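> model the structure of this input:
(chains A and B)
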2 protein chains.
Amino acid sequence: MSASAYVDEKRLAQRLAAMARIGATENGGVNRQALSAEDAAAQRQLVQWGEALGLKPSIDAIGNLFLRLEGADAGAPPVLTGSHLDSQPTGGKFDGVFGVLAAFEAVEAIIASGVKPRVSIDIVAWMNEEGSRFAPGMMGSAVFAGERALDATLAVVDKHDVSVKEALAEVRESLRDVPERVLGERVSAYVEAHIEQGPHLENEGLTIGVVTGIQGKRTFKVRVDGEAAHAGTSTRAERKDALLAAIAMVQALADEMHDDEDIVKFTVGRFDVKPSAPSVVPSAVDFSIDLRHPDSEMLRVLGDRIAPICEANAGVCAVRVTELSSAISLDFPEPMRALVRQAALRLDLPHRDILSTAGHDARYLHYVCPSAMIFVPSHLGLTHCEAEYTSSSDLAAGAKVLADVLRELTA
Amino acid sequence: MSASAYVDEKRLAQRLAAMARIGATENGGVNRQALSAEDAAAQRQLVQWGEALGLKPSIDAIGNLFLRLEGADAGAPPVLTGSHLDSQPTGGKFDGVFGVLAAFEAVEAIIASGVKPRVSIDIVAWMNEEGSRFAPGMMGSAVFAGERALDATLAVVDKHDVSVKEALAEVRESLRDVPERVLGERVSAYVEAHIEQGPHLENEGLTIGVVTGIQGKRTFKVRVDGEAAHAGTSTRAERKDALLAAIAMVQALADEMHDDEDIVKFTVGRFDVKPSAPSVVPSAVDFSIDLRHPDSEMLRVLGDRIAPICEANAGVCAVRVTELSSAISLDFPEPMRALVRQAALRLDLPHRDILSTAGHDARYLHYVCPSAMIFVPSHLGLTHCEAEYTSSSDLAAGAKVLADVLRELTA
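Predicted coordinates:
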């Protein structure tokens, strides 16, 4: 029997439910931000499950967690599979964690199939994919791939001025029995299962998305500096109101990014005002910009308009626009996509090619090894929110495709 | 000699400097928010100084702190004088605390003059004038005057969900030797010294402002509800972006409140976004509105336009506008203003009548007893910021006028 035959829908659902209890929110979602106590607890849970299955855990210097199923040829570069355990502050039960537990389920199925893989398989939980506590996201995979420097990444701080290094030391302490692993070890391939985070598969009655590539994205932080003043005594002429200037910028940017085709994705997700008191004219605003477009050239053109538009709307305030990350749209190699497509075909699962409009750790792995992604449907496309939902059978279908793809890659 | 002759400029400056060290910020300002550890420390300092002078401390149920100089006629309702010790998060060294320490200096001068007042004098530090931690401001004076209910005020929470009641219990614990005082005891008059918080006295080379009244003010909180969504996958048509809706509202409000004469004061000081993550479309925004106008009718008309404008700009989001406070413009009684004017005249201090465009605790005292305010210059009109500055001689001039006015009121 193929490995996928040993995938157990119920076991996968139970593990997902157990993980969802770690950082559970009142409204049925999950708050398990990167390197928080909840993230650490989820990692401990994963290590525990892995040890029960004979998998060997290790952690690298940026906090990526690995569980290895040893292959017959211990010297061959391993195949990597996984995703991330961290969530948005009001995230759902599937984004990220599904990819990790689908990998776990696939490995358990491969073990149960009784055929020892030639090449080792590493299940991986990447550190800080979401980027909500420490910006930007995909830190663990970016450092793993050598696309971000380790030291600079460890120095990033959250809004309470806690650094990645400090937070990581705490997580590491609670996993002190797990050995250290060399950062960025050579790997032969990467496969990541994920919920679609869009409505297309569900709308078309499909179970599997063969991911063709990842939409490009540029992120910025904008700092607007004005001057604090008394809300009752300072006249409009005297004021340097950072909030009104920032609002004019966001409004102008939203107008500029408005396309009739509704392809541009423009989001201001953070907008922090200082000193944030009702009777004080704001002295400063920091806001974030997340800009995406499937066409890399359009992304370049639109992103380059951001700084001039902010400057044109600053009025009496000062503004500084900093680009945090820039990623062009990328295509996964056709042979990797074919492996996913053929597995879906053999399993008789309805599928189609699909572009990922969200970013994933697979973006960075794409730079170091042949990579692929497998999508399963997201109910109504809801994601990054507590209402995220995918049926257990769709989740199991994704794990089955993954198990068979891993089997091929490690034979 | 008159009581004012005993006012000591250096002693007043030293006490102000000592208070400025409690909650001092890096940039030379003060962060001593209501009922914080710093506020409690400032209160303990005041009690200590008072006890050295033989003043009797007491605290009422809403946390207003009093220091009494006993008069010859212990049964007569006391004269109140003071202001507040709490500050904005990045406040200055004079707003509020000057009024308390000017009162202290005036009382010390009266004692030194050797004439025992007939009527008792209560120095008061009102709880939470600023309203930056617990909204709205002027809580202590409003409850004292019976304009706000005690229980509802104790139930107000800060952004960490700490209630006034809980925070007050902690402050009270650190002042456990200070006896409780009946809330809202009858008083015969109230006089508050304060920095102008505007540039007029300085621009005109004057030392004393005889405050004619207080500009009206209406405050609102606005809640905008949208829906969290993924920044990369959700299309514009699918989004309910609470931030873009809130920004459209603020922009439309700012346009509506724009008057060529520059008299309207419109401020959005807080603007809190949820969940506040760069790659999540905001699900909700809470923002504050502070609206002031010296003409009560204009204030009514403009304030009543706020809810319809917010609703008209909500788009696919929901909006709820709540009025937190409404205060018409008020005039202090002419006999009280005359006392201040005559004291300034006798002391040969250049002065003029002036409207307070900022709110003060004197607003609420005005409802229960004849009240007055004395202004001293603010350098460049800078206030509610770390750069706030008034010269020691101007501060002492204010304390001198206050000492003589108190002498008249308690004779």
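> where exactly do the helices run in the stretch 101-250 of chain A?
A:139-144, A:150-154, A:164-174, A:200-203, A:242-257 (DSSP state H, counting those that start in this stretch).
> so which of these gets nearest chain B?
Smallest distance to chain B across those (Cβ to the nearest Cβ): 5.0 Å, for helix A:242-257. For the C-beta atoms, the positions are set from N, CA and C on the backbone; glycine is no exception.
> now the closest one: average pLDDT?
On average, the pLDDT along helix A:242-257 is 98.
> do stretch A:196-205 as well
Mean pLDDT, stretch A:196-205: 94.
> picking up where we left off before, pick the most buried one from the helices of the stretch 101-250 of chain A.
helix A:139-144 (a mean of 28; mean count of other Cβ atoms under 10 Å in any protein chain shown).
> need the residue closest to the centroid of chain A.
Residue closest to the average C-alpha location in chain A (Cα atoms, centre = their mean): residue A:129, at 3.7 Å.
> can you check the pLDDT for that one?
At residue A:129, the pLDDT value in this model is 97.
> count of neighbours near the residue in the stretch 51-200 of chain A that chain B sits nearest to?
For the stretch 51-200 of chain A, the residue closest to chain B is residue A:132, as judged by Cβ to the nearest Cβ, at 3.6 Å. A count of neighbours around residue A:132, defined by other Cβ atoms under 10 Å in any protein chain shown, yields 27.
> contact partners for the spatially closest residue to it that is not a sequence neighbour?
The shortest distance from residue A:132 to any non-neighbouring residue, by Cβ to Cβ, 6 or more residues apart in numbering or on different chains, is to residue B:277 (3.6 Å). Shown in contact with residue B:277 (Cβ atoms under 8 Å, 6 or more residues apart in numbering or on different chains): A:88-89, A:130-132, A:269-270, A:384.
> now name the helix or strand holding residue B:277.
Under the criterion DSSP states H and E, no helix or strand holds residue B:277.
> re earlier: name the nearest residue to the residue nearest to the centre of chain A, ignoring sequence neighbours.
Residue A:129 sits nearest to residue A:84 (Cβ to Cβ, 6+ apart), 3.6 Å away.
> how much space separates that neighbour from residue A:245?
According to Cβ to Cβ, to the nearest Å, residue A:84 and residue A:245 sit 36 Å apart.
> likewise for residue A:255?
Relative to residue A:245, and taking Cβ to Cβ, residue A:255 is found at 16 Å.
> with residue A:206 instead?
For residue A:206 relative to residue A:245 (Cβ to Cβ), the value is 46 Å.
> hmm, residue A:326 is touching residue A:304, no?
No. Using Cβ atoms under 8 Å, residue A:326 is not in contact with residue A:304; the gap is 10.4 Å.
> which of the two has more residues huddled nearby?
More neighbours surround residue A:326 than the other of residue A:326 and residue A:304, with 14 against 11 (other Cβ under 10 Å).
> for that one, helix, strand, or coil?
At residue A:326 the chain is in strand, as set by DSSP: H, G, I helix; E, B strand; the rest coil.
> which residues does it contact?
A:217-219, A:303.
> report the separation between it and residue A:217.
According to Cβ to Cβ, residue A:326 and residue A:217 sit 8 Å apart.
> what does residue A:330 give?
Distance of residue A:330 to residue A:217, given as Cβ to Cβ: 11 Å.
> quick one, which of those two is more surrounded?
Taking neighbours as other Cβ under 10 Å, residue A:330 and residue A:217 compare with residue A:217 leading, 26 against 17.
> just give the closest residue to the more buried one, not the sequence neighbours.
residue A:292 (4.6 Å).
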